[in-house]
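**Q** predicted structure and sequence below. I'll ask about it afterward.
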Amino acid sequence: MIAFISICYACLYLLIFNKLGLLKKTVGNICAFAGVGVVLIGAIVFMWYTFSPLSSDARMFRYIIPIVPNVRGEVIDVPVQANTPIQQGDVLFQIDPEPFEITVRQLEAQVERHQAERQLAQVNVERAEQLLKVQSAAQIDLDTWVANRDVADAAIAGAEAQLDNARWQLGETTVIAPSDGYVLNLQLRPGGVVTSVPLASPMAFVSTETNTVLASFSQGAIRKIAVGDTADVVFSNVPGRTFSGSVSRIVGLSSDSQLSASSQLPSFTGAPANGRWAVGIELDDQEFARQLPQGAGGTVAIYTQGGKPVHVISKVAMRMSAWLGYLTSP
């Protein structure tokens, strides 16, 4: 774009000195015209980079969720397809529920047994109380049956807690989508065994609930950008089109100044801090944003509140970039 502005100024030189003859071709006039051109172009470029900065480091970011089941078991069904839109709550895969159903039935039987023991203990408590009134039983007999009843109550509470956990594990054999999205690199097949170890995720799920374009800018270019500023985005895989959006957030930090808890003291090399900061952009066309692949790259121009006359330069540059996308080599 700087070359284009320089060419326009060169055309102005030809118009003034050759075509219209408004100025004579003297050394003084030519040097003055060149000096004015350098200052003018420099001022335009400075205002352009300050009030409507561009970044070619823009990408579509989405949350990648490692799908890790809460229970271990053999997979018996995988109804989803790779790269196919999935709604929240759709089944991703099914773990064999039979071992968990057996555990539930066993614990249900334990609860019933403890309830029967508690009922028997209650009957004996009532019988001992009646016998104690007519002095046909000792106090120790009543105390024994009261203790047995309390033990049965505790056993029922413990068995019911185990039963609740078993029922929860049974429900976790059906693994569902945590949000709208799709599955990438689907290698899981029926017969495979999955575990609840986080490092052994059998599936990666791409969430499409948030579709944010993140672009990095130098710390100097970002100083005029504010949340709510309008923006244009051009994607490499969609040539010829420019998409509008707005700044949703500014991530004013980088890893260059990150310090971890350690016994080592930080070292300073004297090198300037060149870390770039990220700017989040929400596209106006959210339907198109949901269809964009995760990681789609492009170019972003942000139009700040000031310097609106130079915004046209970025608008022209973005549309040139959009059409030049057709010339991108494979």
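**A** Perfect, I can see it now.

**Q** measure residue 219 to residue 250 for me?
**A** Between residue 219 and residue 250 the distance, using CB to CB, to the nearest Å, works out to 11 Å. Where you see a C-beta, it was placed from the backbone N, CA and C, and this is true even at glycine.

**Q** which residues do the two both contact?
**A** Shared between the contact lists of residue 219 and residue 250 (criterion: CB atoms under 8 Å, 6 or more residues apart in numbering) are residues residue 277.

**Q** so for the two, which residue has more residues nearby?
**A** More neighbours sit around residue 250 than around the other of residue 219 and residue 250, counting by other CB atoms under 10 Å; the figures are 16 against 13.

**Q** show me the shaky parts of the stretch 1-150 of the chain.
**A** By pLDDT under 70, the low-scoring segments of the stretch 1-150 of the chain are 1-6, 9, 12-14, 16-24, 29-30, 33, 132-138, 141-142.

**Q** where exactly do the helices run in it?
**A** When secondary structure is read from DSSP state H, counting those that start in this stretch, the stretch 1-150 of the chain shows helices at 2-14, 27-51, 98-133, 139-171.

**Q** among those helices, which comes closest to residue 69?
**A** Nearest to residue 69 among the helices of the stretch 1-150 of the chain is helix 139-171 (10.1 Å), distances taken as CB to CB.

**Q** and that closest one, what does it pack onto?
**A** Taking 3 or more CB pairs under 8 Å, 6 or more residues apart in numbering; DSSP states H and E as contact, the helices and strands that helix 139-171 lies on are helix 98-133.

**Q** buried residues, the helix it packs on. List them.
**A** If you call a residue buried by 16 or more other CB atoms under 10 Å, then helix 98-133 has these buried ones: 99-100, 103-104, 107, 110-111, 114-115, 117-118, 121-122, 124-125, 128.

**Q** and that helix with helix 139-171, angle?
**A** Relative orientation of helix 98-133 versus helix 139-171 (axes from the mean of the first three to the mean of the last three CA atoms, to 10 degrees): 160 degrees.

**Q** distance check, the closest residue to residue 239 other than its chain neighbours against residue 290.
**A** Closest residue to residue 239 in three dimensions, ignoring its sequence neighbours and counting by CB to CB, 6 or more residues apart in numbering: residue 325, at 2.8 Å. As judged by CB to CB, residue 325 and residue 290 stand 21 Å apart.
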